[in-house]
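In: quick one: sequence plus predicted model below, questions after.
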Amino acid sequence: MSIRVENLTKTYKKQNAIDHISFEISSGEIVGFLGPNGAGKTTTMKILTGYIPPTSGKAFVNDMDVEVQSLSVRKQIGYLPEHNPLYMDMYVKEYLQFAASIYKVANPGMRVKEMIGITGLEVEQNKKIGQLSKGYRQRVGLAQAMIHNPSVLILDEPTSGLDPNQIIEIRNLIINLGKEKTVLLSTHIMQEVEAMCSRVMIVNKGKIVANGKTNELKQIFGKGQSLQATFNKTLNKFQLDELSAIGQVQSVNDNTYTISSEMEEEQLKSSVFNFAVKQQMILTEMKMIEHSLEEIFKNVTRSNV
């Protein structure tokens with residue numbers, strides 16, 4: 001396992017920031033680490049990277065104890081913190097050369113040039129970091145995290161401050177990195193998680209409340225079923241009231257409605273079909289709607305508030 005966490009706890013005075021959490025991440029996995037603000041995501045990442053010690057429990061990176069072998073662990077990790085700390089008076093290229101020298105990177109000039117190309121910093125490489133937009137500063141942070149070619153990347157809000165085009169570029173970069181590296185990333189953008197991550201962990205109040213592939217979580221934590229039905233004409237008030245007996249109804253357009261119910265899938269389909277027959281209407285289309293990751297996130301975190 002690239003990352004292994006066993007019964008990890010971090011306590012500040014009487015408050016548990018993380019509370020006896022355990023998980024494993026295999027090499028080549030891209031795992032999304034989700035949770036509300038203050039749930040314990042950043043604390044966990046800081047322990048894994050050796051920035052802070054745990055109160056109890058153990059964490060391992062590439063089978064090395066993060067407390068006992070802290071320096072060796074840091075050589076294996078590339079870390080982009082949520083608040084990207086950069087030297088604002090240094091030039092981009094100068095800063096990356098400085099980072100490469102700290103890690104004693106072989107052929108640092110070539111590696112810096114490679115990272116500038118990968119992260120799209122060519123046009124800004126001769127500017128001072130303080131002159132860059134937030135998006136380009138984020139790219140500098142990513143380049144720094146990867147400069148020593150680590151086997152594990154821990155990224156806290158990696159697409160923060162990027163415009164839509166930049167997000168797509170960084171997303172593709174992370175997906176490519178995940179083919180040969182282990183990536184643990186935290187983000188609040190659910191679309192990014194679904195696009196990039198092979199697995200999702202959701203933490204709330206310091207505890208892991210969900211852990212699995214996105215489609216597995218949708219089956220386990222998705223509440224009830226949602227179906228979209230299109231009829232040959234708009235429903236009148238009486239018909240809407242009749243349909244509402246099946247489940248919660250929302251209008252999509254003039255003839256299309258979403259029905260959400262606690263019924264099983266086949267029962268819901270049958271109920272909507274029977275409604276159409278009773279109303280002497282033509283059901284032109286009927287399809288199940290998959291629960292979104294955002295819905296699941298709300299369900300598992302709300303229930304633990």
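Out: Perfect, I can see it now.
In: switch to C-alpha atoms for all contacts and neighbour counts from now on
Out: Will do.
In: pLDDT weak spots in the chain?
Out: Within the chain, the stretches with pLDDT under 70 are 219, 222-224, 303-305.
In: domain ranges for this structure?
Out: Split into domains by automatic domain parsing, the chain comes to 3-212, 223-302.
In: need these in a markdown table (columns: mean neighbour count).
Out: A markdown table is the format used below for the domains of the chain (neighbours: other C-alpha atoms under 10 Å):
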| stretch | mean neighbour count |
| --- | --- |
| domain 3-212 | 19 |
| domain 223-302 | 16 |
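In: distance between the ends of stretch 38-56?
Out: In stretch 38-56, first residue to last residue: 19 Å (C-alpha to C-alpha, to the nearest Å).
In: please, where are all the helices along the stretch 51-200 of the chain?
Out: Ranges of helices within the stretch 51-200 of the chain are 70-76, 92-102, 108-118, 134-146, 164-177, 190-196, based on DSSP state H, counting those that start in this stretch.
In: the longest one versus helix 108-118: what angle between them?
Out: Between the axis of helix 164-177 and that of helix 108-118 there is an angle of 130 degrees, by axes from the mean of the first three to the mean of the last three C-alpha atoms, to 10 degrees.
In: what angle separates helix 164-177 from helix 134-146?
Out: 10 degrees.
In: hmm, who's touching helix 164-177?
Out: Helix 164-177 is contacted from outside by 30, 118-119, 135, 159, 183, 192, 195-196, using C-alpha atoms under 8 Å, 6 or more residues apart in numbering.
In: how about a cut-off of 10 Å?
Out: The contact list for helix 164-177, computed with C-alpha atoms under 10 Å, 6 or more residues apart in numbering, reads 28-30, 118-120, 135-136, 139, 142, 146, 151-153, 155, 158-162, 178, 181, 183, 185, 192-193, 195-198.
In: in CSV: the helices of the stretch 51-200 of the chain, plus distance to Lys41.
Out: Output for the helices of the stretch 51-200 of the chain, formatted as CSV (distance: least, C-alpha to C-alpha, whole Å):
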stretch, distance to Lys41
helix 70-76, 19
helix 92-102, 26
helix 108-118, 27
helix 134-146, 18
helix 164-177, 19
helix 190-196, 15
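In: wait, which of those is closest to Ser271?
Out: Closest to Ser271 of those is helix 190-196 (C-alpha to C-alpha; 31.7 Å).
In: the closest one packs against which elements?
Out: Packing contacts for helix 190-196, counted by 3 or more C-alpha pairs under 10 Å, 6 or more residues apart in numbering; DSSP states H and E, involve strand 30-34, helix 164-177, strand 182-186, strand 199-204, helix 214-221, helix 293-302.
In: quick one: which of the ones you listed is nearest Phe238?
Out: Smallest distance to Phe238 across those (C-alpha to C-alpha): 30.1 Å, for helix 293-302.
In: nearest to Tyr91 among the helices and strands packed on helix 190-196 would be which one?
Out: The minimum distance between Tyr91 and these falls on helix 164-177, with 21.1 Å, by C-alpha to C-alpha.
In: much appreciated, bye for now.
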